[in-house]
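[1] Sharing a model that was predicted from the sequence below.
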Amino acid sequence: MEKIANEPIINKLGQVVHYAVRGLAVLMTLVILWGVIDVGLILYQEIVTPPYGLLSSGDILTLFGSFLAVLIAIEIFQNITIYLKEEVIHVQIVIATALMAISRKIIVLDFKEVDAEYVWASAAVILALGVTYWLIAFQPKVLAIDLNNRAT
C-alpha cells in the first residue's frame with residue numbers, strides 16, 4: 001500500500017490489512033491442499049468399494065463437484081495474490097470465479113429435487129455474469145479497435 005503523507009494511523013492500518021491478506025493466502029493454500037486430498041480420498045474410496053472401479057453417475061457428479069470446488073479455490077487464491085501484487089481487485093477475475101462457482105452449482109444440481117424457480121434464478125445469474133464478463137473482457141477491445149480505426 002502506498003504511504004499517505006501525514007497519515008500514520010492509515011498507513012499502519014494498511015499494513016495490517018496487507019498482512020491479513022497474506023494470512024488469507026496461507027489459509028487458502030491449506031484449503032486447496034485439503035480439497036486435493038479430499039478428491040483423492042473420494043476417488044480412492046470409490047475404487048476400493050465393490051463393484052471395484054465402477055462409478056455411478058452420482059459418484060461422478062460428486063467428483064466433478066469436488067474438482068470444481070478445488071479449481072474455484074485456486075481462482076480465489078489467484079485473486080488474493082493479484083491483490084497482494086497490485087493492490088487492486090480485478091473485477092474480470094472475480095466475475096470469472098463467480099461464473100465458475102455458479103456453473104459448478106448447476107453441474108451438480110439434481111433437477112428432480114429443485115423447484116423451477118430455482119433453476120430460472122440460476123439461469124438468470126449465469127446470464128447476468130456472462131454478460132458482465134463479456135462487457136468487461138471483450139467490449140474494451142472492440143472500442144479500442146474502433147477508436148484506432150477512426151484515428152487513421
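    Received the coordinates, thanks. Numbers count the residues shown, from 1 in each chain.

[2] least trustworthy helix or strand in this structure by mean pLDDT?
    Lowest on mean pLDDT, DSSP states H and E among the helices and strands of the chain sits helix 139-151, with a mean of 53.

[3] Show the secondary-structure elements that the helix or strand containing residue 30 is packed against.
    Taking DSSP states H and E as the definition, residue 30 sits inside helix 8-48. Here helix 8-48 touches helix 57-86, going by 3 or more Cβ pairs under 8 Å, 6 or more residues apart in numbering; DSSP states H and E. Placement of C-beta: from N, CA and C, glycine included.

[4] List the buried residues for stretch 39-59?
    Across stretch 39-59, burial judged by 16 or more other Cβ atoms under 10 Å covers 39, 42-43, 46.

[5] Low-confidence stretches in the protein?
    Applying pLDDT under 70 to the chain flags the ranges 1, 139-152.

[6] Let's check: the centremost residue of it is which one?
    Nearest to the mean C-alpha position of the chain, counting by Cα atoms, centre = their mean, stands residue 97 at 2.8 Å.

[7] For that one, list the residues it contacts.
    72, 75-76, 79 (Cβ atoms under 8 Å, 6 or more residues apart in numbering).

[8] Quick check: the farthest pair among those?
    Across the contacts of residue 97, no pair lies farther apart than 72 and 79, at 10.6 Å, counting by Cβ to Cβ.
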